[in-house]
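A.B. asks: below is the sequence, then the predicted model.
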Amino acid sequence: MSEYSAGRSGFTPAYLDRVGSSFTDFLAVAAPDLLPGRRPVPQIPVGNVTPHGTTIVSVTYDGGVLMGGDRRATMGNLISSRDIEKVYPADAWSVIGIAGAAGIAIEMVRLYQVELEHYEKIEGLTLSLDGKANRLAQMIRGNLGAALQGLAVVPLFAGFDLDAAPGAAPGRIFSYDVTGGNYEERGYSAVGSGSLFARNSLKKTWRPDLDGDAATRSLVEALYDAADDDSATGGPDPVRRLYPIVYRVDAEGAVRLGDDEIAAVATGIIDERSAADGQG
Amino acid sequence: MTMPYYASPEQLMRDKSEYARKGISRGRSVAVVTYADGVLFIAENPSSTLHKVGELYDRIGFAAVGRYSEFESLRVAGVRLADVRGYSYNRRDVTGRVIANAYAQTLGEVFTQQMKPFEVELCVAEVGETPETDQLYRLTFDGSVVDEPDFVVMGGQAEAVSANLREHFLPGMGLAEALRVGVQALSAVSPATSAGNGGPALLTAEQLEVAVLDRRRPKRAFRRITDAALRPLLDRQEDAAAVTGEEPHTAAHAPSTPQPGAPAGLGDPGAPDTGGTAGSGGEAPTT
């Protein structure tokens, strides 16, 4: 802790060394205890005693990209949270969604947000979208030990590519595995326990030239289908007025879609499904 | 064998002060002026990449004069301190005072213990919820820190610029008005204008680096006002001078609304923020 009481004794040499623009690298020198992945890994699997977040879905559309997540966190067979948020803006032009051990994942998102902002402030430039995606991969890689004890974190990353070639789709999606493997996805992707069902749903409803509204519906419907078949994914909850969280990233930046807008889309899907002779 | 010599502490300090002062006075001036919606930074700086003004944190900005390499490393240290504190506590727990203290300690240490003092003068500015809670800290090369009201001027001819500003500054000015007063004060002593070796009467957009801490922006208050937004603001100065009374603040901000096709955050205070990178992320491709 003494390292960052710099306010009292002036900056320590680490602060004044002009090397690197990475917040994570700086923390590794100045306050390594603040970094996830630097702590002793538990010797036994502990996956059932910590909350886990589940399904995240991302789809591209003609003007950018959307990302949404359900609101459920589970702990073994229990629902530990009905209103957890699993999709966050990473910076002004990108969003990150997380599936896996919620505590570590949220810490990682916070670190990642600071990392991007820190780079921006020091360099006076935003990282390229590929640079951001790569940086996240390195963070996931550092968590491999914990992942093998049941504390895996698997993010989904999407953003608007300001440097996209003319004619190329500006919205791009990157998925990851627990070893930090980084894969660019075409069109849509999903992670988490319900991702299999979500992907199957998207396969039928998503088309490359969808506009924003149609893509939003396609995304919410994929989450509905995931909740339908996966016990760890929460569906729309009209009783508590809890609906999926959806972010849109377009040329204007990342914005969270209003609850009313998502509620209307979800209600539309429920009505349509109800009309289908009780077959879901 | 080295020659033993003795110099009195007074003499040493005096020499160091003189050395630092000389270095600083060679540079161009920077003015930090409070206005109705926050704090305005105006620097005479022909370079568009070697900044004298920067963002430290959500509500905190930085301005410096003197030797670039020295204040740049101090700026980076300030960003690091702010980010480490914000990450380990909470974003609200990062204050201008903490950063100003760290600067003061470091500058003081270097001044007394190193052969060569830092040839820099810094200003740490923080915007609060209301104009009364805005803070301007001025830090000098020897580590003294002063909490200044209204405005801070640093650099080459700080005295002259200060005197000029004191005459024309009014609390609660709009952005355009504050910019006019600040630019006019800097121009009055600048070698690049007609006051110096000839040239235009006022400094032009190319010679200025301008940024604001705008309290109305939701998270990151810092925003650079770059060429496209600055030029109309400067052009209106002659008109603004002619108009009696202050314009409404909304009008004063009108020129900084986003250009068509510009990425969000470049002007609209309600839009998602881009902070210090405004304008540097490149033109958003039209889709």
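C.D. replies: Okay, I see it. Residues are numbered from 1 along each chain as shown, chains lettered A, B, ... in the order given.
A.B. asks: the one helix or strand B:Val152 maps to pairs with which strands?
C.D. replies: Using DSSP states H and E, B:Val152 maps to strand B:151-154. Strands adjacent to strand B:151-154 in the sheet, as given by DSSP bridges, are strand B:30-35 (antiparallel).
A.B. asks: roughly how far is the helix or strand following the strand it pairs with from the heart of the chain?
C.D. replies: Using DSSP H and E, the next helix or strand after strand B:30-35 towards the C-terminus is strand B:38-44. Relative to its chain's centre, strand B:38-44 lies at 5 Å (Cα atoms, centre = their mean, to the nearest Å).
A.B. asks: quick revisit: who touches the strand holding B:Val152?
C.D. replies: For strand B:151-154, contacts defined as Cβ atoms under 8 Å, 6 or more residues apart in numbering or on different chains pick out B:24, B:29-34, B:63-65, B:121-123, B:125, B:136, B:138, B:161-162, B:165, B:169, B:185. C-betas here are computed from N, CA, C, even on glycine.
A.B. asks: quick check: mean pLDDT across that strand?
C.D. replies: In this model, strand B:151-154 has a mean pLDDT of 94.
A.B. asks: repeat for stretch A:141-153
C.D. replies: pLDDT averaged over stretch A:141-153 gives 84.
A.B. asks: list the buried ones in that stretch?
C.D. replies: Neighbour counts over stretch A:141-153 (16 or more other Cβ atoms under 10 Å in any protein chain shown) mark A:141-143, A:146-147, A:150-153 as buried.
A.B. asks: check chain A and tell me which residue is nearest its centre.
C.D. replies: Centre of chain A computed as the mean C-alpha position; nearest residue by Cα atoms, centre = their mean is A:Gly97, 1.0 Å away.
A.B. asks: in the stretch 151-280 of chain A, what residue lies closest to chain B?
C.D. replies: A:Gly253 (3.8 Å; Cβ to the nearest Cβ).
A.B. asks: tell me how far the residue of the stretch 51-200 of chain B found nearest chain A lies from A:Thr12.
C.D. replies: In the stretch 51-200 of chain B, the residue that lies nearest chain A is B:Gln105 (3.2 Å; Cβ to the nearest Cβ). Taking Cβ to Cβ, to the nearest Å as the measure, B:Gln105 falls 11 Å from A:Thr12.
A.B. asks: next one: B:Ala192
C.D. replies: 40 Å.
A.B. asks: now A:Gly76
C.D. replies: With Cβ to Cβ as the criterion, A:Gly76 and A:Thr12 are 44 Å apart.
A.B. asks: and those two? Which one has more around it.
C.D. replies: Under the neighbour definition other Cβ atoms under 10 Å in any protein chain shown, A:Gly76 and A:Thr12 were set side by side, and A:Thr12 has more, 19 against 11.
A.B. asks: okay, the more buried one: pLDDT?
C.D. replies: Value listed for A:Thr12 in the pLDDT field: 87.
A.B. asks: got the residues of the stretch 51-200 of chain B near chain A?
C.D. replies: Residues of the stretch 51-200 of chain B lying close to chain A by Cβ under 8 Å from any Cβ of the partner chain are B:51, B:54-56, B:72-74, B:76-77, B:79-81, B:83-88, B:98-99, B:101-102, B:105-106, B:108-109.
A.B. asks: 7 Å - rerun?
C.D. replies: B:51, B:55, B:73, B:76-77, B:79-81, B:83-85, B:87-88, B:98, B:101-102, B:105-106, B:109 (Cβ under 7 Å from any Cβ of the partner chain).
A.B. asks: among these, which ones are in helices?
C.D. replies: B:73, B:76-77, B:79-81, B:83-85, B:87-88, B:98, B:101-102, B:105-106, B:109 (DSSP state H).
A.B. asks: what remains of those residues if I keep only buried residues?
C.D. replies: Buried members of these, counted by 16+ other Cβ under 10 Å: B:73, B:76-77, B:79-81, B:83-85, B:87, B:98, B:101-102, B:105-106.
A.B. asks: where in chain B is pLDDT low?
C.D. replies: For chain B, residues meeting the criterion pLDDT under 70 lie at B:1-4, B:195-199, B:237-287.
A.B. asks: not counting sequence-adjacent ones, nearest residue to A:Val29?
C.D. replies: Spatial nearest neighbour of A:Val29, excluding adjacent residues (Cβ to Cβ, 6 or more residues apart in numbering or on different chains): A:Ala14 at 5.0 Å.
A.B. asks: tell me the domain ranges of chain A?
C.D. replies: Here the domain parsing of chain A from automatic domain parsing is A:1-35, A:51-274.
A.B. asks: how far does the last one sit from its chain's centre?
C.D. replies: I take that to be domain A:51-274. For domain A:51-274, the distance to the chain centre is 4 Å (Cα atoms, centre = their mean).
A.B. asks: now do the end-to-end distance for it.
C.D. replies: 32 Å (Cα to Cα, to the nearest Å).
A.B. asks: which stretch in the domains of chain A is the model least sure about?
C.D. replies: domain A:1-35 (a mean of 75).
A.B. asks: which residues sit in contact with residue 45?
C.D. replies: No chain in the question, so chain A it is. A:149-150 (Cβ atoms under 7 Å, 6 or more residues apart in numbering or on different chains).
A.B. asks: wrong chain, I was asking about chain B
C.D. replies: Counting by Cβ under 7 Å, 6+ apart, B:Asn45 touches B:28, B:52, B:208-209.
A.B. asks: any chance you could map the helices in the stretch 151-287 of chain B?
C.D. replies: B:158-168, B:175-187, B:227-235, B:237-242, B:249-253 (DSSP state H, counting those that start in this stretch).
A.B. asks: deepest of the ones you listed, which one?
C.D. replies: Counting by mean count of other Cβ atoms under 10 Å in any protein chain shown, helix B:175-187 has the highest mean neighbour count of the helices of the stretch 151-287 of chain B, with a mean of 25.
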